[in-house]
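Colleague: Take a look and give me a structure for this.
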Amino acid sequence: MECVESERAMRGAAAREAYFYQGRVAAEALTTSAWRSWQRCLAAGHEPKCHLEFANVGRNRVVELEERSRSLIAAAREELEHVAAVVHRSGMVVLLADETGAILRKAGDTGAVSPRLGLAARQGVDLSEDAAGTNAVGMALIDRAPVSIVAQEHFFEANAGLTCVAAPLFGPTGSLVGALDVSGDHRPTRPDCTEFVRTAACAIENALLRQLREVVFIAVSPSEHFLGTPSEGLLAFDPAGRLVAANGRARAFLGIAQADRSAFSDLFESVRFSEVIGRQTAPDRPLSLISVSGLRFAARSGPAAKPRPAPPAARPQPMQGSPHVEAKNASALALLSVVTADQQTERAFANARRAMDRDVPVVLVGETGTGKELFARALHISGPRSDHPFIAMNCAALPESLIEGELFGYGDGAFTGAKRGGAAGKIESADGGTLFLDEIGDMPLSLQTRLLRILQERAVVRLGECRERPLDIALVCATNQDLRDLVARRLFREDLYYRINGLRVTLPPLRERTNILQLAEYFLSYPDRFERGLVLSEAAKEIVLHHPWPGNLRELDHAMMLAAAFSPRHGGIVEKEHLPEDFATPNGLVDPPSPSPPSVSLGQAAIDLIESTVLAHGGNVAAAARALKVSRSTIYSHWRRTQRCS
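Modeller: Numbers count the residues shown, from 1 in each chain. Presented below is the predicted three-dimensional model:
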């Protein structure tokens with residue numbers, strides 16, 4: 001689910017107190033990128049309490065910056081205004097920075113934000129990490145990935161009242177050219193809008209690429225519905241069919257390296273470049289292209305392909321649950337095209353698709369990491385509700401006191417600190433679309449009763465209100481537990497079980513799938529895997545095929561990320577030594593150490609067991625608690641006790 005700012009802010013405050021004032025390491029309370037940024041700031045000699053000023057910038061410097069980034073400013077102009085209009089109600093402004101972190105443009109009403117943010121949102125102000133400490137612009141440029149920084153996650157205390165989200169911008173050749181940022185004063189109930197900013201950044205990158213002249217553009221996507229959107233892959237070829245440039249999505253789809261100048265025939269098979277050019281005059285009839293790796297894409301070509309303008313109704317506000325999710329949808333479709341190459345998974349998807357077409361609820365069952373949310377998202381975007389929201393919520397991720405408001409929403413004045421006018425919950429936000437409830441078996445019994453009534457009445461009542469709001473949703477639930485066993489143990493309502501259990505779909509674990517190597521190659525081709533053109537050696541393939549993969553797709557993804565980090569750059573071979581160390585022994589298990597006298601206390605042994613179990617379940621505390629046969633509160637109490645002792 002999408003985390004509201006209040007949760008991040010509380011964790012950031014705890015981390016700041018522990019690290020800066022108590023001298024304790026608190027990396028688990030921060031995102032990995034924020035923790036690394038804190039370390040870099042300290043190494044650079046910064047002090048968290050130091051008064052940070054955003055210096056005035058002279059006119060000559062502003063003119064110089066504008067001249068250097070003229071193309072980027074022109075490409076971003078339209079999208080900046082659109083993003084500013086969307087986030088205005090959330091009290092945020094939009095910033096465009098160059099590759100050094102200097103602000104080039106701002107959009108939105110800076111008079112509606114704090115003076116602190118108003119000072120930062122001026123042309124020429126340096127928001128690099130060196131100058132402004134931990135912040136989204138500086139970190140996006142360093143990590144080359146979207147970043148969000150909430151409240152006290154900022155390094156400097158002076159910025160602790162702000163929230164910022166940024167995504168890097170890459171030029172037509174894949175080089176870093178800047179960052180797009182959305183910033184505002186911290187609001188506890190504001191949802192995460194990282195995907196929205198990422199998608200807007202894709203639109204700017206596409207506009208940059210379309211500035212090229214005397215080229216033929218070819219747009220590709222696993223689904224024709226995403227052609228003409230920021231999520232399409234965009235390729236530019238010279239008249240001879242030689243690749244000139246490509247956006248990040250196309251590079252990810254086709255595994256194109258940054259300096260790649262491949263011919264069209266090196267990327268696609270079964271059709272000649274001249275045939276594609278000949279179809280330029282039929283933009284409403286997409287082509288079907290097959291990549292040399294066997295993936296099928298819908299495609300359109302033209303000398304100046306431009307995105308279709310989306311109607312106003314299709315551009316929701318970010319407060320309404322994951323707006324502009326085209327980028328995430330395209331990623332889901334791309335991965336699904338590989339996942340469903342396995343016949344068992346393909347049959348499961350076809351059956352689930354037919355059930356959802358008839359408004360039959362679907363329950364996805366599978367081990368942790370088998371891709372249940374990916375599967376649910378693909379069901380949504382491949383069906384008749386694809387133009388409406390897909391809202392995901394993890395029922396195990398929030399305590400009961402928070403999950404009720406998140407799920408059902410609340411009215412004006414429902415509780416102390418409630419937003420004026422109230423707020424829609426996840427269920428209401430999914431109206432017309434699909435609601436995905438992950439870890440449904442962990443939903444508290446008291447909330448199961450309310451959910452049952454909503455599903456029966458097809459209407460929701462916000463907390464603190466009496467008015468019913470009609471609903472039209474498709475429901476997909478997911479669990480790695482046996483719901484029938486939970487019913488027998490009176491941990492899950494029997495009537496709710498029969499209401500949601502329309503079609504039960506079991507997703508096979510990775511070790512039982514027939515396309516493990518194809519999935520591994522897909523994860524190696526991710527755009528953030530540092531290199532391009534990586535392939536597995538025969539020895540590495542053997543290890544990948546015989547590893548038991550207890551973490552399934554999530555473990556495979558992390559393993560390929562590690563392999564990409566340690567393998568040679570630019571078309572290198574992934575050898576077995578580039579894989580995680582525990583892959584080297586039979587069945588992926590580490591050889592047990594020789595017996596030795598215990599050197600830790602019983603309490604420490606319990607903590608070690610808890611931490612290793614949580615890691616083995618991909619950070620899922622609920623799953624770890626079930627494996628250890630303890631409650632989640634037991635795990636949290638052990639962690640709190642450890643923090644007090646340290």
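Colleague: Do I have it right that Arg242 meets Asp260?
Modeller: No. In this structure, Arg242 is not within contact of Asp260 by CB atoms under 8 Å, at 10.3 Å. In short, each C-beta sits where N, CA and C put it, glycine included.
Colleague: what ranges of the stretch 451-600 of the chain fall below the confidence cut-off?
Modeller: 526-533, 568-571, 584-600 (pLDDT under 70).
Colleague: for it, what spans make up the strands?
Modeller: Remark: strands assigned in the stretch 451-600 of the chain by DSSP state E, counting those that start in this stretch are 459-460, 469-470, 474-479, 503-506, 535-536, 573-574.
Colleague: what's the most buried one of these?
Modeller: strand 474-479 (a mean of 26; mean count of other CB atoms under 10 Å).
Colleague: picking up where we left off before, so which of the strands of the stretch 451-600 of the chain comes closest to Arg24?
Modeller: Closest of the strands of the stretch 451-600 of the chain to Arg24 is strand 474-479, at 36.0 Å (criterion: CB to CB).
Colleague: May I see the domains of this protein written out as residue ranges?
Modeller: Following automatic domain parsing, one finds the domains of the chain at 5-189, 212-302, 318-506, 510-588, 602-645.
Colleague: starting at the chain centroid, how far to the second one?
Modeller: With CA atoms, centre = their mean, to the nearest Å as the basis, the distance from the averaged C-alpha position of domain 212-302 to the chain average is 25 Å.
Colleague: all helices of the stretch 501-646 of the chain, in order?
Modeller: Ranges of helices within the stretch 501-646 of the chain are 516-524, 538-546, 552-566, 602-616, 621-628, 632-645, based on DSSP state H, counting those that start in this stretch.
Colleague: pLDDT on stretch 377-387, on average?
Modeller: For stretch 377-387, the mean pLDDT works out to 83.
Colleague: Stretch 410-429 now?
Modeller: 73.
Colleague: so who does Ile103 touch?
Modeller: 95-97, 120-125, 127 (CB atoms under 8 Å, 6 or more residues apart in numbering).
Colleague: For the stretch 1-150 of the chain, which segments are assigned as strands?
Modeller: 92-98, 103-107, 147-150.
Colleague: Would you mind getting the angle between the second one and strand 92-98?
Modeller: For strand 103-107 against strand 92-98, the angle by axes from the mean of the first three to the mean of the last three CA atoms, to 10 degrees is 150 degrees.
Colleague: Sheet partners, orientation included, of strand 103-107?
Modeller: Sheet pairing of strand 103-107 (DSSP bridges) gives strand 92-98 (antiparallel).
Colleague: how about the CA coordinates for the strand it pairs with, as PDB?
Modeller: C-alpha atoms of strand 92-98 as PDB (Å, rounded to 0.1, in the frame of the first residue of the first chain):
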ATOM      1  CA  MET A  92       3.000  21.400  -3.200                       C
ATOM      2  CA  VAL A  93       5.100  23.100  -5.900                       C
ATOM      3  CA  VAL A  94       7.100  21.700  -8.800                       C
ATOM      4  CA  LEU A  95      10.800  22.300  -9.400                       C
ATOM      5  CA  LEU A  96      13.000  21.500 -12.400                       C
ATOM      6  CA  ALA A  97      16.700  21.100 -11.600                       C
ATOM      7  CA  ASP A  98      19.700  20.500 -13.900                       C
END
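Colleague: Let me know the average pLDDT across that strand.
Modeller: On average, strand 92-98 scores 91.
Colleague: do stretch 200-218 as well
Modeller: Computed over stretch 200-218, the average pLDDT equals 87.
Colleague: cool, and stretch 167-179?
Modeller: pLDDT averaged over stretch 167-179 gives 90.
Colleague: Now it: buried residues?
Modeller: Buried residues in stretch 167-179, counting neighbours by 16 or more other CB atoms under 10 Å, are found at 167-172, 174, 177-179.
Colleague: Check stretch 77-94 too.
Modeller: In stretch 77-94, counting by 16+ other CB under 10 Å, buried: 79-80, 82-84, 86-88, 90-94.
Colleague: What of stretch 134-145?
Modeller: 134-144.
Colleague: can you list contacts of it?
Modeller: 33-34, 37-38, 41, 95, 97, 99-101, 127-132, 146-149, 153-156, 159, 164-168, 176, 179, 181, 183, 528.
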